[in-house]
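Participant: mind looking at a prediction? Sequence and model below.
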Amino acid sequence: MSTDETSRFVRLRVELVVEIDDSGELAKSALSRIAEDEHMPAEERLHAEAAVKEDDAEALAYLVDPFDLVSQVPGVELSQASWSSEQIEYDPDSPDWDPDEDDDDDEGGVGGRGL
């Protein structure tokens, strides 16, 4: 690929920390999404159902879709996506959770807005 071709691609990194208020509702929503997936093989469906019943992070991963983040952005087409979800220890007052911690001007990135 030439430089002109590769310059059209942008890597967007997003990190979110969410609080689960209702594990039961989260699992119920994930199970519903899995049941609606017509293309999921039966064996994978059984594994997915068991995973979301046991792990909030797994349930969340079945409900979050990177395509939803950019599907309504004009002039943008999703080329590739990957995401993961994991349970973490979180202390909002800790300096380890500074939202600007990973900002690195040397990479030519553009900063976003922290909440």
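Facilitator: Cool, the structure landed.

Participant: so where do the helices sit in this structure?
Facilitator: Per DSSP state H, the chain carries helices over the ranges 3-6, 23-36, 42-54, 56-63, 66-70.

Participant: from V14, how far off is the residue most central in space within the chain?
Facilitator: Ranked by distance to the mean C-alpha position of the chain (C-alpha atoms, centre = their mean), the top residue is W83 at 4.7 Å. Here the criterion is C-beta to C-beta, to the nearest Å. By it, W83 lies 9 Å from V14. For every residue, glycine as well, the C-beta is placed using N, CA and C.

Participant: could you list the low-pLDDT ranges of this structure?
Facilitator: In the predicted model, the chain carries pLDDT under 70 at residues 1-6, 99-115.

Participant: burial measure for the closest residue to S79 other than its chain neighbours, as a count.
Facilitator: In space, and not counting its chain neighbours, S79 is closest to F9: 6.5 Å by C-beta to C-beta, 6 or more residues apart in numbering. Residues within reach of F9, counting by other C-beta atoms under 10 Å, total 9.

Participant: quick one: F9 from V64, how far?
Facilitator: From F9 across to V64, the span is 22 Å (C-beta to C-beta).

Participant: and D55, by the same measure?
Facilitator: 14 Å.

Participant: when the two are compared, which one has more neighbours?
Facilitator: The residue with more neighbours, out of D55 and V64, is D55; 17 against 14, by other C-beta under 10 Å.

Participant: hang on, the more buried one packs against Q87?
Facilitator: Yes: look at D55 against Q87 with C-beta atoms under 8 Å: they come within range, at 7.5 Å.

Participant: and the residue nearest to the centre of the chain, how far is that from R8?
Facilitator: For W83, the distance to R8 equals 22 Å [C-beta to C-beta].

Participant: equivalent analysis for L69, please.
Facilitator: If you measure L69 against R8 using C-beta to C-beta, the figure is 18 Å.
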